[in-house]
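Novice: Return a 3D structure for these sequence lines:
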Amino acid sequence: MSRFQKYSFIGLLTTLVVALGACKKWLPEDLDYISPKAGFVQVLFNPTLGRTTVYSRVFNTDNSTTPLTFKIVNVRLRGTGEPTHDFEKTVPVWVWTRSYTGDEKSVAEIDAKRKLENHQVFEIREKSGDFILWNAADSTMLRQLPDPGYLFDVVVSNSGGTNTYKDLTLTPQWGIPYSPDDDVNPLTGKPMEEKIKGSSDTTKTQLKYIHPVVFNMLGDSTELPIKSDSVRVMFRKTGDGSSLTFKFLNKDSLLMNPANFNRTGPLDSLLHGFNVKATSTYIRYDVAYPIPVVNYPTRWTTGDGRQTKVEFAFDRKGFGGSIQRGYLDFSFAIYQKGDWEVIFFFASDTPRFRDE
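Specialist: Next up, the predicted model:
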């Protein structure tokens, strides 16, 4: 290579480097990626009003760059298409600031671990895409079945672009503040009815009831085993406080003494309640609501943490002096704060508590 060619090559290379450096500032920064195939794996939501319900992991990012930003837009009535601001209504809700363990010693200690915040009745979490209906939302704020509910769109974005997902559906069911809730029709809020078993007349119906699990109990008058489906459970709200009361009715609808269940165990270990008061007609606790206060397994709850569990038991001597232990087990949840009663009605026969 001649000296002239050599210097020309070096000059050209230098020019290219300078030019690239000058142009670098005009190049766009690396953009996020949002996949055109990303989307919601669930688009129909039918929660029960009065219960905090979270729909998590309902969005498939399809390898989009995260975090994404989610926003609900264009909320409208499903039946008419008319725009509505129902989702924008706000309610005070409990939000945890410290972990609940199940070892708290008072309602005040539980409440010290959470605080009240105002939230929209139905919202989407901005960075996760989780939907949440808060338990303070009721039929005065949102429409419920048999109304067709709502349609809404969701805008999902990052610096790489925006996707809009249309016509997601929210159809709330009638608010039932407790579970099990077999005794209430979720479409109307009225008592649930069912066909009479064994009846040839298919038009005849009877009220449907909630039942506990009953084991090894004998009817006092019939001397027949008491079946679980003959014992009814009733929930009654009597005030706006923060208590829970258990009552027991015999076959004549008269209150029984809870002390008859003499193997129930320490009453302060029956459920996560405080300041227990036991009388000849009831057992009452101060409690924090909802029950359970979180969906988290503790010694007070079922295995999935969604319901609290109680067990009442008694011993009596059967024939030959053998000890017969009867059980009544019941798992339940109450979502609305108040003075609640849980009443066990032995409709077919009163248990035999006396010895043979």
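Novice: where along the stretch 1-150 of the chain do the helices fall?
Specialist: For the stretch 1-150 of the chain, helices defined by DSSP state H, counting those that start in this stretch occupy the ranges 3-24, 107-111.
Novice: Confidence-wise, which of the ones you listed is weakest overall?
Specialist: Mean pLDDT across the helices of the stretch 1-150 of the chain is lowest at helix 3-24; the value there is a mean of 47.
Novice: quick one: contacts for residue 81?
Specialist: Residue 81 sits next to residue 151 when contact means CB atoms under 8 Å, 6 or more residues apart in numbering. Every C-beta, even on glycine, is put in place using the N, C-alpha and C of the backbone.
Novice: same deal with the one 10 residues further on?
Specialist: Under the criterion of CB under 8 Å, 6+ apart, the neighbours of residue 91 are 118-119, 121, 134, 136-137, 141.
Novice: which non-adjacent residue is nearest it?
Specialist: residue 136 (3.6 Å; CB to CB, 6 or more residues apart in numbering).
Novice: So the one you found versus residue 104, what's the distance?
Specialist: 22 Å (CB to CB, to the nearest Å).
Novice: who has more neighbours, the two?
Specialist: residue 136 (21 against 17; other CB atoms under 10 Å).
Novice: Look up how far residue 107 lies from the more buried one.
Specialist: For residue 136 relative to residue 107 (CB to CB), the value is 19 Å.
Novice: looking at this, residue 229 is in a strand?
Specialist: No: Residue 229 is assigned helix when assessed by DSSP: H, G, I helix; E, B strand; the rest coil, not a strand.
Novice: Next up, the contacts around it.
Specialist: Residue 229 touches residue 211, counting by CB under 8 Å, 6+ apart.
Novice: Cross-check the contact I'm expecting between residue 96 and residue 113.
Specialist: Yes: between residue 96 and residue 113 a contact is recorded at 6.2 Å, counting by CB atoms under 8 Å.
Novice: The two: who's more crowded?
Specialist: The residue with more neighbours, out of residue 96 and residue 113, is residue 113; 17 against 12, by other CB under 10 Å.
Novice: show me the contacts for the more buried one.
Specialist: 96-100, 104 are the contacts of residue 113 under CB under 8 Å, 6+ apart.
Novice: all strands for the stretch 251-356 of the chain, in order.
Specialist: Taking DSSP state E, counting those that start in this stretch, the strands of the stretch 251-356 of the chain run over residues 274-278, 283-286, 308-317, 323-334, 339-346.
Novice: Could you point out which of these sits nearest residue 160?
Specialist: strand 323-334 (42.8 Å; CB to CB).
Novice: Against which helices or strands is the closest one packed?
Specialist: strand 178-179, strand 213-215, strand 231-239, strand 308-317, strand 339-346 (3 or more CB pairs under 8 Å, 6 or more residues apart in numbering; DSSP states H and E).
Novice: which element follows the shortest one toward the C-terminus?
Specialist: Using DSSP states H and E, the next helix or strand after strand 178-179 towards the C-terminus is strand 193-195.
Novice: chain center to that next one: distance?
Specialist: 26 Å (CA atoms, centre = their mean, to the nearest Å).
Novice: Adjacent strands (with direction) for that strand?
Specialist: strand 205-207 (antiparallel) (DSSP bridges).
Novice: Need the contact partners of the partner strand.
Specialist: 183, 191-196.
Novice: For those, pick the one with the most neighbours.
Specialist: Going by other CB under 10 Å, residue 183 tops those with 19 neighbours.
Novice: Identify the residues contacting that residue.
Specialist: Applying CB under 8 Å, 6+ apart, the residues contacting residue 183 are 191-192, 207-210, 234.
Novice: Try it again at 10 Å.
Specialist: Residue 183 makes contact with 176, 191-193, 207-211, 232-235, according to CB atoms under 10 Å, 6 or more residues apart in numbering.
Novice: Now it: phi and psi?
Specialist: The phi/psi pair for residue 183 (degrees, to the nearest 10) reads phi -90, psi 0.
Novice: Model confidence for it, exactly?
Specialist: 92.
Novice: My guess is residue 143 contacts residue 171. True?
Specialist: Yes: under the criterion of CB atoms under 10 Å, residue 143 makes contact with residue 171 at 8.6 Å.
Novice: of the strands of the stretch 251-356 of the chain, which approaches residue 46 most closely?
Specialist: Of all those, strand 323-334 comes closest under CB to CB, at 18.3 Å.
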